[in-house]
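**Student:** Build me a structure from this.
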Amino acid sequence: MTAPGTAPDNDTPAGDTGGPRFSRRVRHWLAGAGVTALAAVLGITLAVRGGATPACAAPPTGNAVHKGKASFYDAGRSGGNCSFPGPPADRLYVALGAAQYSGSAACGSYLEVSGPKGTVRVMVMDQCGGCGPSKIDLSTEAFTRIADRSQGIAPVTYRAVVNPPLDGGLTFRMKGGASRYWFAVQVGNHGNPLRSVEAKGPGGGFRKAVRQSDNHWTIEGGIGPGPYSIRVTDVYGRQATATTIRMVTRQVQRSTATLASASPTPSNSPTPPPTPSAAPSPTPTKSVAPTATVEALAGAPRC
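**Tutor:** Below is the predicted model of the structure:
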């Protein structure tokens, strides 16, 4: 089961596997034995246990359907490894293995999970230290929607929810310790996985922020005292810019900016009849985000 994530605003990236102690013990043993070859073999395992992002990691995106197993856990009031202020109000959340958590790239996105009893929509909130590439850890409330709790582990299929409906616009939360000299922000209520975050202060240009494993985006050296404009882009290329975001730490600031596609404004003018010589318009089809393109946009290496 996944242990609850560390409290928000902890500057040490959250993890639930006891990685640092394990890594130190193994490194000391290797140093004493002088087995260089074995250290190289164990390098991958140590990186995963220590919270590093595996090669070829990427969050679930597009229309790919994943088949695996689900267990359940209770994060309590914690916001998990994603460092959220707390779990979603409906307590429907999920923890992913290191590859799909992808160094926090999956945080705030949504999955549709189907099991023996039904389907549930969950928000990615946590990293599961004991989960392989086909294993997920659901909240207790989510698991009971798709299987009997007595099962403990249930077979499931799951896929990304592309452009999930959300209430309100993007939210922003400055990390504890952030200042005019060190910019660190968490973006929320975005729905799809994020590709990039850029920010600027008064009189400056946009600077690209770096994603951290605790789901904060940072700019070394800072960008001044604010207020800030923050430009957010998701893995499907949708973009939104929020303005007047203040340097106030540990408080959720809500904006009207949204990554959701704007609804077309109905016209008050009557539609003119089609010109007889004009070719008929083709029937529109529902657009689907191709998985390969999504991976390229997300910056994930192709394996």
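
**Student:** CA only for contacts and neighbour counts going forward, please
**Tutor:** Noted.

**Student:** can you map out the helices along the stretch 101-250 of the chain?
**Tutor:** In the stretch 101-250 of the chain, the segments counted as helices under DSSP state H, counting those that start in this stretch are 140-146.

**Student:** Low-confidence stretches in it?
**Tutor:** Low-confidence segments of the stretch 101-250 of the chain, defined by pLDDT under 70, are absent; every residue clears the threshold.

**Student:** quick one, strands of it?
**Tutor:** Along the stretch 101-250 of the chain, the stretches classed as strands by DSSP state E, counting those that start in this stretch are 110-114, 119-127, 135-139, 154-160, 171-174, 182-188, 194-200, 207-208, 210-211, 217-220, 228-234, 239-245.

**Student:** which residues make contact with the fifth one from outside it?
**Tutor:** Okay, so that is strand 171-174. Applying Cα atoms under 8 Å, 6 or more residues apart in numbering, the set of residues contacting strand 171-174 from outside is 183-189, 245, 247-255.

**Student:** Over to the fourth one?
**Tutor:** If you take Cα under 8 Å, 6+ apart as the criterion, strand 154-160 is touched by 60-71, 109-116, 147.

**Student:** PyMOL command for the buried members of the contacts of strand 171-174?
**Tutor:** In PyMOL, this line selects whichever of the contacts of strand 171-174 come out buried by 16 or more other Cα atoms under 10 Å:
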select buried, resi 183+184+185+186+187+188+189+245+247+248+249+250+253+254+255
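
**Student:** So for P87, what's the nearest residue that isn't a sequence neighbour?
**Tutor:** Nearest in space to P87, with sequence neighbours left out and distances taken as Cα to Cα, 6 or more residues apart in numbering, is G79 at 5.0 Å.

**Student:** Check G86 too.
**Tutor:** Taking Cα to Cα, 6+ apart as the measure, G86 lies nearest to G79, with 4.0 Å between them; neighbours along the chain are not counted.

**Student:** Then P88?
**Tutor:** Counting by Cα to Cα, 6+ apart, the nearest residue to P88 once its immediate chain neighbours are dropped is M123, at 7.8 Å.

**Student:** Show me the beta-bridge partners of that neighbour.
**Tutor:** With DSSP bridges as the criterion, the beta-bridge partners of M123 are Y93, Y110.

**Student:** ok, S104 - contacts?
**Tutor:** With contact taken as Cα under 8 Å, 6+ apart, S104 is in contact with N81, C82, R211, Q212, S213, D214, N215.

**Student:** Spatially, which two of those residues are the most separated?
**Tutor:** Greatest spatial distance in those: N81 and R211, 13.6 Å, computed using Cα to Cα.

**Student:** between the two, who's got more neighbours?
**Tutor:** Counting neighbours by other Cα atoms under 10 Å for N81 and for R211 shows that N81 has the greater number, 29 against 21.

**Student:** so the more buried one sits in a strand?
**Tutor:** No: if the criterion is DSSP: H, G, I helix; E, B strand; the rest coil, then N81 is helix and not within a strand.

**Student:** Could you check how far it is from A105?
**Tutor:** Between N81 and A105 the computed distance is 11 Å (Cα to Cα, to the nearest Å).

**Student:** Now do the shared contacts for those two.
**Tutor:** Any residue near both N81 and A105 by Cα under 8 Å, 6+ apart counts here, and that gives N215.

**Student:** Show me the beta-bridge partners of the nearest residue to A178 once chain neighbours are set aside.
**Tutor:** Nearest-residue entry for A178: A184, 5.6 Å, with adjacent residues in sequence omitted and distances by Cα to Cα, 6+ apart. When bridges are taken as DSSP bridges, the partners of A184 come out as T218.

**Student:** quick one: contacts for A184?
**Tutor:** When contacts are counted by Cα under 8 Å, 6+ apart, A184 is found next to M174, K175, A178, H216, W217, T218, I219.

**Student:** Is F72 bridged to anything, and to what?
**Tutor:** Under DSSP bridges, the beta-bridge partners of F72 are L138.

**Student:** tally of neighbours for it?
**Tutor:** A total of 22 residues lie near F72 under the criterion other Cα under 10 Å.

**Student:** these two touch, right, it and K135?
**Tutor:** No: the criterion here is Cα atoms under 8 Å, and F72 misses it with K135 at 10.8 Å.
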